[in-house]
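Enquirer: No sequence on hand, only this structure:
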């Protein structure tokens, strides 16, 4: 059954708050503080951290040999202060993937340890060993900034306009919000879902660092099934408003065929059973970038990805024209945006996957697809072979 309007409003409110919080690779503490506050009123959720600060959230009292994980990363492309020259001039590095053209004369906000904002303008930038090196001049002098503070593009907090949600950082905080919304519903009944967990990773924007280390150090059980959540650049064949995307692969690899099949079957079930609510989904390759599912799969995990189609990827306005070199205006950083309905349908899909893949067998709906997607594909192939082998046994078919 689709979520009530009241629940959707609550999920949307959390999304708007989370996607407005400043964050950067290795400087995700503000997001983590918000999540800790969110967890404080949910006593049946427990939290663990590994040595690198990756966060695992699970429902107390529910353990299984094959837990289901929703994963998302807590960073977004942003600046980190590396040097204070004087009260008006700072050096920074940019951690994330943005084309160089967007930095020229760019406007940014620096966030000090007291969460005060200080506006500044980029006056120079150049390529560095790992990160682009930035020089910025503050609009007003201050002594409250320090090395390791972060800066973000000069954008106002998240808001809804029509059928779209605009935010400074949809990628990947919209996915993190969806994971929290889903586990918030799944934790309420042990009969509807079992061992569902969340893994929040750090420093994805600089090379999946948190996901790689969580895989290497055994923080994720080897038997886990992983649904990695992302926001992926929209293209004409993957439009905003057509639903969350079952992502079969990225620009590096394709994902686990069995788990991808199983999640697709759940999405198809929802699209047929929830026609009145307008549930939609898409199934696409999405080669515009790479995601953590590639990292998990490289370490031997059964992993796939579900993503939200995203416009203004990494805050790059007029992105298609800039990449093509046909833009007529200087490139500027702008809000990312996603579809209002796409977000709510993603939450619905995650809840349904939690129920379909982890609920006690006696409590599962007969119509739920099997979570053993690879076995389901194999069984289908074997059945087709048995049912139709007569075509090659016919006398006229013999060679």
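Expert: Cool, got the structure. Model, not experiment: these values are computed from the prediction. Numbering: from 1, shown residues only.

Enquirer: Note down every partner strand of the one helix or strand residue 47 maps to and its orientation.
Expert: Take DSSP states H and E as the rule and residue 47 turns out to sit in strand 45-49. Strands that pair with strand 45-49, judged by DSSP bridges, come out as strand 55-59 (antiparallel).

Enquirer: The helix or strand just after the strand it pairs with - contacts with which helices or strands?
Expert: Next helix or strand after strand 55-59 toward the C-terminus (DSSP H and E): strand 68-73. Packed against strand 68-73 by the contact rule (3 or more Cβ pairs under 8 Å, 6 or more residues apart in numbering; DSSP states H and E) you find helix 170-186, strand 196-201, helix 209-216, strand 225-233, helix 292-298, helix 340-358. Every C-beta, even on glycine, is put in place using the N, C-alpha and C of the backbone.

Enquirer: Mind doing that once more with 6 Å?
Expert: Strand 68-73 sits against helix 170-186, strand 196-201, strand 225-233, helix 340-358, with contacts defined as 3 or more Cβ pairs under 6 Å, 6 or more residues apart in numbering; DSSP states H and E.

Enquirer: What is the burial count for the nearest residue to residue 371 once chain neighbours are set aside?
Expert: Nearest non-adjacent residue to residue 371, counting by Cβ to Cβ, 6 or more residues apart in numbering: residue 357, 3.8 Å away. Neighbour count of residue 357, defined by other Cβ atoms under 10 Å: 28.

Enquirer: same deal with residue 115?
Expert: Quick note: residue 115 (other Cβ under 10 Å) scores 9 neighbours.

Enquirer: Quickly find the element holding it.
Expert: Per DSSP H and E, there is no helix or strand for residue 115.

Enquirer: Identify the residues contacting it.
Expert: If a contact means Cβ atoms under 6 Å, 6 or more residues apart in numbering, then residue 115 has no contacts.

Enquirer: can I assume residue 64 is in contact with residue 194?
Expert: Yes - contact criterion Cβ atoms under 6 Å: residue 64 and residue 194 qualify, at 5.5 Å.

Enquirer: So between those two, which is more surrounded?
Expert: The neighbour comparison of residue 64 against residue 194 (other Cβ under 10 Å) goes to residue 194, with 21 against 14.

Enquirer: wait, is the more buried one part of a strand?
Expert: No - under DSSP: H, G, I helix; E, B strand; the rest coil, residue 194 falls outside any strand and is assigned coil.

Enquirer: is it true that it touches residue 65?
Expert: No - with contacts counted by Cβ under 6 Å, residue 194 stays clear of residue 65, the gap being 10.7 Å.

Enquirer: Near residue 289, how many other residues are there?
Expert: The burial count for residue 289: 18, using other Cβ under 10 Å.

Enquirer: Now do the same for it: its pLDDT.
Expert: For residue 289, the pLDDT comes out at 86.

Enquirer: quick one, phi/psi of it?
Expert: With angles defined as degrees, to the nearest 10, residue 289 sits at phi -170, psi -170.

Enquirer: do the same with residue 138
Expert: When read as degrees, to the nearest 10, the backbone of residue 138 gives phi -70, psi 150.

Enquirer: For it, which residues are in contact?
Expert: 88, 118, 120.

Enquirer: Okay, helices next: where are they in the protein?
Expert: When assigned using DSSP state H, the helices of the chain occupy the ranges 5-18, 29-40, 170-186, 209-216, 257-273, 292-298, 319-324, 340-358, 373-388, 390-393.

Enquirer: how far is the fifth one from where the chain is centred?
Expert: Its chain's C-alpha centre and that of helix 257-273 lie 19 Å apart, by Cα atoms, centre = their mean, to the nearest Å.
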